[in-house]
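Visitor: Just to be clear, the model below is a prediction. Sequence and coordinates:
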Amino acid sequence: MKAKAMRFLKLLGNRLLGILRAIAGFIMKLWRHPKGRVGLIVVTLLVVCAIFAPLIAPYDPYDVTQRAAKGLSPSWSHLLGTTITTGQDIFSMLIYGTRVSLIVGLVTGISIAFLGAIMGVIAGYVGGAADTAIMRTVDVMLVIPTLPLTIVLTNLFGKSYLMIIFIFVLFGWTGLARVIRSLVLVLKNANYVRAAELAGASRGHIMFRHILPGVSHLLIMNTALTCAGVMIAEAGLSFLGLGDPTAISWGKMLAEAQGGGALLFGHWWWIIAPGIGIFLAVFSFMRIGLVMEEILNPRMKQSSSIYKIFKNLNNTYMEEVFASMDENAKLGLTLKAGEES
Amino acid sequence: MSDLMLKLRNLKVVFPAGEGVIRAVEGIDLDIAKGECVALVGESGCGKSVTSLAIMKLLNSPPALVRVDELKLDDEELKDYSDGKMQELRGQQLSMIFQDAMTALNPVMTIGRQIDEIYIRHNNLSRKEARKLTVKALDLVGVPEAKSRANSFPHQLSGGMRQRVLIAMAFACMPKLIIADEPTTALDVTIQAQVLNVLSDMQKKHNVSLLLITHDLSVVANMADTIYVMYAGKIVEKAIKRDLFLKPRHPYTEGLLGSVPRLSDEHHHFIQIPDAVPHPMFKPTGCYFHPRCSYCTDKCKESMPPLAKDVGGREYRCWHPLNLGGGAKDGK
Amino acid sequence: MKKSYLIKRIIYAFFIFLIVMTLNFFIPRIGVVDPAERYYPPQGNMTEIEYEIIKQFTREQYGFDVSNFQQYLNYVSGLFQGDLGTSFRSGNPKVSQLIGERLPWTLVLSVTNLLISLFIGLIIGTIAAWKRGRWQDTTLLNLSTISMALPAFFIALILSFYFGFELEWFPAYTNPNMVAQFDWSWEAIRVVMYNAALPIVSMSIGGIIGYGQGTRNAVIAVTNEDFILTARAKGLSRNQVIFKHTLRNAMLPIVTSLGMSISGLIGGAVIIEQIFNWNGMGTLFLEANNTNDYPLMMGIMLFMSAFAIVANLVTELFYSLLDPRVTVGERR
């Protein structure tokens, strides 16, 4: 019994180590890509802001008692000024707003990846009734308007970010499941899967050891893009006041700015600041997703970079290459020219 | 006025890539006489398809860089022709049959309309007149009930029928030269034979020059007059069919022949060529074939052998040619 | 298109509608025994007896005084007679009547937006694909990564700030008399266009770039297909290749995303309508939410779902007309 437990722990440890190693590998690949590096740096910055918000923010963003400091313009003491209605420090609010955006984005993105992968693999690999059931559900989900349903459900169960995450996951997995399913349908007929089936491997084993790794690249890419999409949607819901009424979020800041007369009094920084927050967060996650796509799908990269290569073509070198192919060219040159590149 | 339909001299094609240069074709010469069927043989990745596209001047630049000393179709120099001028020649004097008819036909257009287009473009016909010719052309390649079939979409036809449609397209204007790039690779063996027969009949009946590109020597055995063997972007051997099959000079040709099953020989052993064609960006030193060659010596590793000329227009590129006995003169 | 295919799709769409309809019935009843409580939540200044009376009244008025199953049957039979329910508003207007009043105003915004996005997007997408790798293409790519990261409502706020408050070119809030005074005169139409300018522009910036990038990718994907090479080998001119072969095939993925846009036409402008105080379906829904007007909310939702179902069905049938490969239940 004990030996079994030890073996299980060891297996679990190995698996976890493998996952960590894979993630580290991905981060290294991203880092080597110039566009990926930008995304990575911004995401790291946002994560730091979210974790250390109380240390970075110069004021308490929840402090609504500063009557004397209402509607200040940006200055050294208030980097982005204060709100017109309550005198809260906008820069501090901006820093704290990172938390909601990142948490909602990441939790939803990862949950969708899990749910979508499981549903997609089951629909594609098991097929039959399971496939029918899942695909019918997807079809139903697709026609229900998400935003109105979110409004109804928050009305029913109260406003909270948990609710928002729940609804995002409930509706978000459908698209991913469709994509994964069609990929699994292809993988299902791959020879290595057939071989595993003939060797008597169980369905679960095949699904998780042979098929899931085949779709993992798609999952990782999709998670980054989903996070980006979710952060935009979250901002929209918060703007409509459907988020947790006590939390500070960028979407809610925009709503307060609009309601609090930022437009009327020309306090443009009150609008721009949360907008830039949303933009940076979404943009960096999207960049990471797109760069992953490029890394994982090198054919796309080739077709776009080929024009750059042509622009910077070294003509004398190309002449050398052509000359080296001539029948009476010095026979050694073929080798040299090839190596130089 | 020579009797050459196609005269190709020193064709070179390279693809600049991020990390180096892909040398797809490294200076090849090709002659096709009028009414002749020439085969260009080699494994995939040898640069055969690039050669065919280069002759059609269909390679896009970027990504390809093409150099050629002479590209003459029936004594007409095409080397410097603009794309507009080439458009008039393509389909009319020079046409092509592609490998996979499923992807080579537009999926959302009926096959009839796809053939009509050629007549409308080159013969200035109305749609109705073009359709008459289309039906005739389909009839010629053995498509049954051509009139109604012309209205079907590519996916509604069988693989063999689709390939016949491509052949009908290529022969539509009875061009001077047709290039067939692996015309039967995507088909079942039985269908292959039918399609090849159609192609061969059409070629002989209309006395069209044909450049047949394939990796399959059994296809060549039935149709070709002269055979070029290509390896890693270079021609390694050229001979008339009989010579090549009986006395291959290059070890690569010998290997290719060894891979063909023969019914006549009960004790025939397949000779396989180890490994694969080198990546066109990282070709070996010396003779490109040496890492896979069983006759390899130090000399082969150091330098590329020149193209040696032999009797009867034979050419080969090897330091240690095979089957030189029996009256053949050493080319060097 | 086969008739059986058509019928099958219609039956399936109806099946989806039945499920959505049933969900719609049950969602407001989640977690409560007496729907009257949900439809009329207790208010602070009410005594127990007063509330009981109100609940009783609500039950009778909205038909909650029968069994759940009977309620469902009544709901379904009402629906099929075109009755989406009755609102709580004073005067108890029918939900369908409220929708009828607001729907045209939402469509003014969303249909105009879709037409603008599609038209301009198709043009710039085709240009970008044509000038692939040149500055037109890279500009579009960079713009699309930027615009995807900017929520439309943020763009709306900026536009409303700059053009509404600072420059005062366009109204930042919709003229409340616009709807009441609308009489199809040119002046009234001009007023609508003047008021709709900012909402439409803020919605269509992302739409134009999205459709542009989508078109560009679709066109380039088709350009790499084999049949484009065939078309060029036939000698077709550049324009013929683009208009007859490329664009027709590139339309397929665009039709799919167009279908998605159409199914979101009604519910896609909620936040924009809220920002500009536009009297459409979105603001109607938010008003219903603020007054806990469940019959109205659920009625609007069902209407939106039904619209989406019909839109999907039409898209699918249209797609099958464009792509002859689509057979029953299979969609690329």
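Guide: Cool, the structure landed.
Visitor: Walk me through the domains of chain C.
Guide: In terms of domains, chain C is parsed into C:16-79, C:107-322 (source: automatic domain parsing).
Visitor: With respect to chain B, which of the ones you listed lies nearest?
Guide: Chain B sits nearest to domain C:107-322 of all these, at 3.2 Å, using Cβ to the nearest Cβ. Every residue, glycine included, has its C-beta placed from N, CA and C.
Visitor: Please see if that closest one touches chain B.
Guide: Yes: contact between domain C:107-322 and chain B, assessed by Cβ under 8 Å from any Cβ of the partner chain, occurs at C:133, C:225-227, C:229-238, C:240, C:244-245, C:248-249, C:252, C:322.
Visitor: Span of that domain from start to end?
Guide: Between the opening and closing residues of domain C:107-322 lies a distance of 27 Å (Cα to Cα, to the nearest Å).
Visitor: Can you get me a residue count around the one residue in the stretch 1-150 of chain A that gets nearest to chain B?
Guide: When scored by Cβ to the nearest Cβ, the stretch 1-150 of chain A has A:His33 as its residue closest to chain B, at 13.2 Å. Residues near A:His33, counting by other Cβ atoms under 10 Å in any protein chain shown, number 18.
Visitor: That one: what's it in contact with?
Guide: Contacts of A:His33 were listed using Cβ atoms under 8 Å, 6 or more residues apart in numbering or on different chains, and they are A:Val291, A:Glu294, A:Ile295.
Visitor: out of the residues you listed, which is most surrounded?
Guide: Scoring the contacts of A:His33 on neighbours with other Cβ under 10 Å, the highest-scoring entry is A:Val291 at 24 neighbours.
Visitor: Quick check: it touching A:Leu40?
Guide: No: the pair A:Val291 / A:Leu40 is not scored as a contact, 9.0 Å apart, by Cβ atoms under 8 Å.
Visitor: Name the residues contacting each of those two.
Guide: Where contact means Cβ under 8 Å, 6+ apart, the residues bridging A:Val291 and A:Leu40 through contact with each are A:Leu30.
Visitor: and the stretch 1-150 of chain A, which of its residues are near chain C?
Guide: Within reach of chain C by Cβ under 8 Å from any Cβ, the stretch 1-150 of chain A has these residues: A:Arg136, A:Asp139, A:Val140, A:Leu142, A:Val143, A:Ile144, A:Pro145, A:Leu147, A:Pro148, A:Leu149.
Visitor: in a helix, that's where the first one is, yeah?
Guide: In this case it means A:Arg136. Yes: using DSSP: H, G, I helix; E, B strand; the rest coil, the secondary structure at A:Arg136 is a helix.
Visitor: just to revisit the earlier point, of the domains of chain C, flag the one that's most buried.
Guide: Neighbour counts (mean count of other Cβ atoms under 10 Å in any protein chain shown) averaged over each of the domains of chain C peak at domain C:107-322, with a mean of 19.
Visitor: pLDDT on it, on average?
Guide: Confidence over domain C:107-322 (mean pLDDT, whole number) is 87.
Visitor: Point out where the stretch 51-200 of chain B drops to low pLDDT.
Guide: Low-confidence segments of the stretch 51-200 of chain B (pLDDT under 70): none present.
Visitor: ranges for the helices of it?
Guide: Taking DSSP state H, counting those that start in this stretch as the criterion, the stretch 51-200 of chain B contains helices spanning B:83-89, B:101-104, B:111-123, B:127-140, B:146-149, B:159-171, B:189-206.
Visitor: Tell me which of those helices sits most buried.
Guide: Between the helices of the stretch 51-200 of chain B, the one whose residues have the most neighbours on average, counting mean count of other Cβ under 10 Å, is helix B:159-171 (a mean of 25).
Visitor: if we can go back for a sec, drop anything exposed from the residues of the stretch 1-150 of chain A next to chain C.
Guide: A:Asp139, A:Val140, A:Leu142, A:Val143, A:Ile144, A:Pro145, A:Leu147, A:Pro148, A:Leu149 (16 or more other Cβ atoms under 10 Å in any protein chain shown).
Visitor: Apart from its neighbours in sequence, what residue is nearest the first one?
Guide: Nearest non-adjacent residue to A:Asp139, counting by Cβ to Cβ, 6 or more residues apart in numbering or on different chains: C:Ile16, 5.7 Å away.
Visitor: What lies in contact with whichever strand or helix holds that neighbour?
Guide: Secondary structure here is read from DSSP states H and E; on that basis C:Ile16 sits in helix C:3-26. When contacts are defined by Cβ under 8 Å, 6+ apart, helix C:3-26 is touched by residues A:136, A:139-140, A:143-144, C:71-72, C:75-76, C:79, C:298, C:301-302, C:305-306, C:309-310, C:312-313, C:316-317, C:320, C:327-329.
Visitor: quick one: which of those sit in helices?
Guide: When the contacts of helix C:3-26 are checked against helices (DSSP state H), the matches are A:136, A:139-140, A:143, C:71-72, C:75-76, C:79, C:298, C:301-302, C:305-306, C:309-310, C:312-313, C:316-317, C:320.
Visitor: Pull the contacting residues for the residue of the stretch 101-250 of chain B found nearest chain A.
Guide: Checking the stretch 101-250 of chain B residue by residue against chain A with Cβ to the nearest Cβ singles out B:Gly233 as nearest, at 8.2 Å. Contacts for B:Gly233 (Cβ under 8 Å, 6+ apart) come out as B:Arg23, B:Ala24, B:Val25, B:Glu26, B:Ile28, B:Cys46, B:Gly47, B:Pro280, B:Lys283, B:Tyr288.
Visitor: what two of those have the greatest distance between them?
Guide: Of all pairs drawn from these, the greatest distance, 14.9 Å, lies between B:Ile28 and B:Lys283 (Cβ to Cβ).
Visitor: With neighbour numbers in mind, choose between those two.
Guide: Between B:Ile28 and B:Lys283, B:Ile28 has the larger neighbour count (other Cβ under 10 Å), namely 24 against 19.
Visitor: you'd agree the more buried one is up against B:Thr51?
Guide: Yes: in this structure, B:Ile28 is within contact of B:Thr51 by Cβ under 8 Å, at 6.7 Å.
Visitor: Overlap of the contact sets of these two?
Guide: A shared contact of B:Ile28 and B:Thr51, defined by Cβ under 8 Å, 6+ apart, is any residue touching both; here these are B:Leu11, B:Met230.
Visitor: what ranges do the strands span in chain B?
Guide: Across chain B, reading from the start of the chain, the strands by DSSP state E fall at B:4-16, B:21-33, B:37-41, B:65-67, B:70-73, B:76-77, B:94-97, B:177-181, B:209-214, B:226-231, B:234-240, B:308-309, B:315-316.
Visitor: What of chain A?
Guide: Counting by DSSP E, chain A has no strands at all.
Visitor: any idea how it splits into domains?
Guide: Following automatic domain parsing, one gets these domains for chain A: A:17-303, A:315-341.
Visitor: Save the ones you listed as CSV, and put in mean pLDDT too.
Guide: Supplementary listing: the domains of chain A in CSV, determined by pLDDT from 0 to 100:
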stretch, mean pLDDT
domain A:17-303, 83
domain A:315-341, 60
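Visitor: Now distance to B:Ala17 too, for those, in CSV please.
Guide: Output for those, formatted as CSV (distance: least, Cβ to Cβ, whole Å):
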stretch, distance to B:Ala17
domain A:17-303, 8
domain A:315-341, 9
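Visitor: List just the nearest of the residues of the stretch 1-150 of chain A next to chain C to A:Arg194.
Guide: For those, the minimum distance to A:Arg194 (Cβ to Cβ) is 28.7 Å, reached by A:Arg136.
Visitor: which ones are touching the closest one?
Guide: With Cβ under 8 Å, 6+ apart as the criterion, the residues that contact A:Arg136 are C:Ile16, C:Ile19.
Visitor: interface residues of the stretch 51-200 of chain C facing chain A?
Guide: Looking at chain A, the residues of the stretch 51-200 of chain C close enough under Cβ under 8 Å from any Cβ are C:132-134, C:145-146, C:148-151, C:153-154, C:157-158, C:160-161, C:164-166, C:172.
Visitor: what residue of chain B is the furthest out?
Guide: B:Lys128 (34.1 Å; Cα atoms, centre = their mean).
Visitor: which ones are touching it?
Guide: Shown here is B:Lys128, which makes no contacts under the criterion Cβ under 8 Å, 6+ apart.
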